[in-house]
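Chemist: Predicted model, plus sequence, below.
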Amino acid sequence: DGGITQSPKYLFRKEGQNVTLSCEQNLNHDAMYWYRQDPGQGLRLIYYSQIVNDFQKGDIAEGYSVSREKKESFPLTVTSAQKNPTAFYLCASSFVPGQGMNTEAFFGQGTRLTVV
Amino acid sequence: AQSVTQLDSQVPVFEEAPVELRCNYSSSVSVYLFWYVQYPNQGLQLLLKYLSGSTLVKGINGFEAEFNKSQTSFHLRKPSVHISDTAEYFCAVSDYTDKLIFGTGTRLQVFP
């Protein structure tokens, strides 16, 4: 079955540590996105990528880093520079807007990160 | 630049009553519009989408939405809600060249 997979579902991190969240898709989508979700604030875009080896900052990129070495994978690293990392993180993928194709985004099940 | 406004952060309703969740957008170009649903501790699932054509769009779970270009709205409706509809609902907009922009969400709470 085609889909998008995030792992792990729950993650605990000590203050000062970097941690990497995994996101893999087999939908043949070129575009991938990372969102952060906090109560009452909806989804805020962290980073997005529309092609391998290229990515752009979203609205709240500070304290985060990404890579896009393969079309299927878009891992997110939460660095120690992120002051308030406890949140629910969602990864999504879609066809690239502007290619005349459906830009519907498909989401993973999310990773809940807690800093202890 | 595009933006999405969901006018109600919470909507309480009794079971079997009708419901409308409001969404307004701003964009200088034609857009695609989406409604997603999120159940607790899960990802988002697409309810319905408007790409072109008929302005009344039907989705899953008995939901429908109407695209109103003159009012730049895309309100979500259901004639009779069920307890299982309790969830967070997100409206999203995309133009033909840019990424999806989400609203802040509306929490629908259905009471027995």
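Modeler: On my side now, so go ahead.

Chemist: switch to C-alpha atoms for all contacts and neighbour counts from now on
Modeler: Noted.

Chemist: what's near enough to touch the most centrally placed residue in chain A?
Modeler: What sits nearest the mean C-alpha location of chain A, by C-alpha atoms, centre = their mean, is residue A:34, with 2.6 Å. Residue A:34 is in contact with A:45-48, A:76, A:89-92, counting by C-alpha atoms under 8 Å, 6 or more residues apart in numbering or on different chains.

Chemist: Filter those residues down to the ones in strands?
Modeler: A:45-48, A:76, A:89-92 (DSSP state E).

Chemist: biggest separation within those residues, which pair?
Modeler: A:48 and A:89 (13.4 Å; C-alpha to C-alpha).

Chemist: partner strands of the helix or strand of chain B with the lowest mean pLDDT, parallel or antiparallel?
Modeler: In chain B, no helix or strand scores lower on mean pLDDT, DSSP states H and E than strand B:101-102, which sits at a mean of 87. Taking DSSP bridges as the criterion, strand B:101-102 sits next to strand B:87-95 (antiparallel) in its sheet.

Chemist: Can you show me the CA trace of the strand it pairs with as CSV?
Modeler: The C-alpha coordinates for strand B:87-95 follow below in CSV (Å, rounded to 0.1, in the frame of the first residue of the first chain):
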residue,chain,number,x,y,z
ALA,B,87,-12.5,16.0,15.9
GLU,B,88,-10.4,18.9,14.7
TYR,B,89,-11.1,20.2,11.2
PHE,B,90,-8.6,22.2,9.1
CYS,B,91,-9.3,24.3,6.0
ALA,B,92,-6.4,24.7,3.6
VAL,B,93,-5.6,26.6,0.4
SER,B,94,-3.1,26.3,-2.3
ASP,B,95,-2.6,28.2,-5.5
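
Chemist: So which bits of chain B are right by chain A?
Modeler: Residues of chain B lying close to chain A by C-alpha under 8 Å from any C-alpha of the partner chain are B:9, B:34, B:41-46, B:49, B:51, B:90, B:94-100, B:102-105.

Chemist: residues in contact with the closest residue to residue B:29 other than its chain neighbours?
Modeler: Leaving out its chain neighbours, the residue that sits closest to residue B:29 by C-alpha to C-alpha, 6 or more residues apart in numbering or on different chains is residue B:95, at 6.8 Å. For residue B:95, the contacting residues are A:97, B:27, B:29-32, by C-alpha under 8 Å, 6+ apart.

Chemist: Read off the pLDDT value for residue B:95.
Modeler: pLDDT for residue B:95: 74.

Chemist: Same check on residue A:97?
Modeler: 67.

Chemist: re earlier: now the residue nearest to the centre of chain A: closest residue in space that isn't a chain neighbour?
Modeler: residue A:91 (4.6 Å).
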